[in-house]
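Give the three-dimensional model of this entry:
(one chain, ligands or ions: 1)
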Amino acid sequence: MSPSLTVRRITADQGAVFRELRTASLREAPYAFGATLEDALSADAASFNATAADHAVSLSVSTFILYTEGHPAGLIEAHVDDAEVRRAFVCELWVAPAVRHLRGGELLVDTASNWLASVGATEIYAWVADANRTAMRFYEALGFGPAGEHRRVERAADQVESLLVRHVPTTSQVFQQ
Ligand SMILES: CC(C)(COP(=O)(O)OP(=O)(O)OC[C@H]1O[C@@H](n2cnc3c(N)ncnc32)[C@H](O)[C@@H]1OP(=O)(O)O)[C@@H](O)C(=O)NCCC(=O)NCCS
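Got it, this is the predicted structure:
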């Protein structure tokens with residue numbers, strides 16, 4: 001029987017869980033993220049506690065955690081950037097290998113997208129490395145398509161990442177794009 005998967009917004013007291021998931025994701029899939037495992041390991045516990053506390057209540061940035069049978073098994077960040085034309089992004093997506101292909105990634109993206117729509121987003125953006133074919137196919141399967149922007153991957157200057165976008169019905173008027 002498939003394990004039951006749920007997603008909930010991070011709570012202010014989950015700094016240690018956040019640290020555990022971030023380091024696990026950077027250890028398992030270093031090719032997928034801008035930060036490195038060394039960055040995460042050298043950051044002190046207080047910084048993870050501060051991030052959890054902020055992401056639990058902020059109106060512009062949040063983290064959502066995937067649980068399988070109550071155990072943390074993945075995460076995603078959702079944020080609205082502070083550029084002049086405000087855009088809503090999902091990033092830092094990771095699902096533990098043991099629970100992949102069970103639609104946990106889809107649940108994370110949809111939950112994060114719904115939250116971004118609730119604060120006014122009508123388009124959800126994601127930067128994905130061109131070499132990360134699994135993530136590309138995953139986002140395409142969820143209805144994301146090319147937004148037409150490309151940039152060099154920060155930690156690997158010989159690689160390129162592309163911006164993907166998915167339209168969502170807005171549920172709020174907090175900001176207009
Ligand atoms: C990308 C990732 C989050 C997908 O998580 P997941 O929980 O396995 O994905 P889901 O089960 O929700 O998949 C939904 C759909 O995406 C597509 N998909 C997912 N994994 C895929 C793969 N390896 N190859 C092709 N398509 C894939 C499929 O269409 C799938 O639907 P299906 O199961 O009916 O075929 C996961 O593989 C992961 O954590 N990878 C490492 C980190 C990473 O690359 N993060 C993205 C950074 S941009």
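
State the three-state secondary structure for P3.
coil (DSSP: H, G, I helix; E, B strand; the rest coil).

Residues of this protein that sit close to the ligand?
Proximity of the chain to the ligand, by Cβ under 6 Å from any ligand atom, involves residues 29, 32, 93-95, 100-106, 128, 132, 134-135, 137-138, 141. Just so you know, the C-beta spots here come from the backbone N, C-alpha and C atoms, and that holds for glycine as well.

Pretty sure H167 sits against E123.
Yes - here H167 reaches E123: they are 5.6 Å apart, a contact under Cβ atoms under 8 Å.

Look at the two and report which has more neighbours.
Using other Cβ atoms under 10 Å as the criterion, H167 and E123 rank with E123 on top: 16 against 12.

Tell me who's in contact with that one.
R87, A88, V165, R166, H167, V168, Q177 (Cβ atoms under 8 Å, 6 or more residues apart in numbering).

any idea which helix or strand carries L107?
helix 104-118 (DSSP states H and E).

Relative to R151, how far out is A157?
The gap separating A157 from R151 is 11 Å, by Cβ to Cβ, to the nearest Å.

make that L108, sorry
Note on L108: its distance to R151, by Cβ to Cβ, is 24 Å.

can you pull the contacts of the residue in the chain that the ligand sits nearest to?
Checking the chain residue by residue against the ligand with Cβ to the nearest ligand atom singles out G105 as nearest, at 2.6 Å. With contact set as Cβ under 8 Å, 6+ apart, G105 has these partners: G74, L93, V95, F138.

tell me the contacts of the closest residue to the first one other than its chain neighbours?
In other words, G74. In this structure, G74 finds its nearest non-sequential neighbour in L66, 3.5 Å apart by Cβ to Cβ, 6 or more residues apart in numbering. Contacts here follow Cβ under 8 Å, 6+ apart; on that basis L66 touches 5-7, 72-76, 95, 99, 104, 107-108.

Cool, thanks, signing off.
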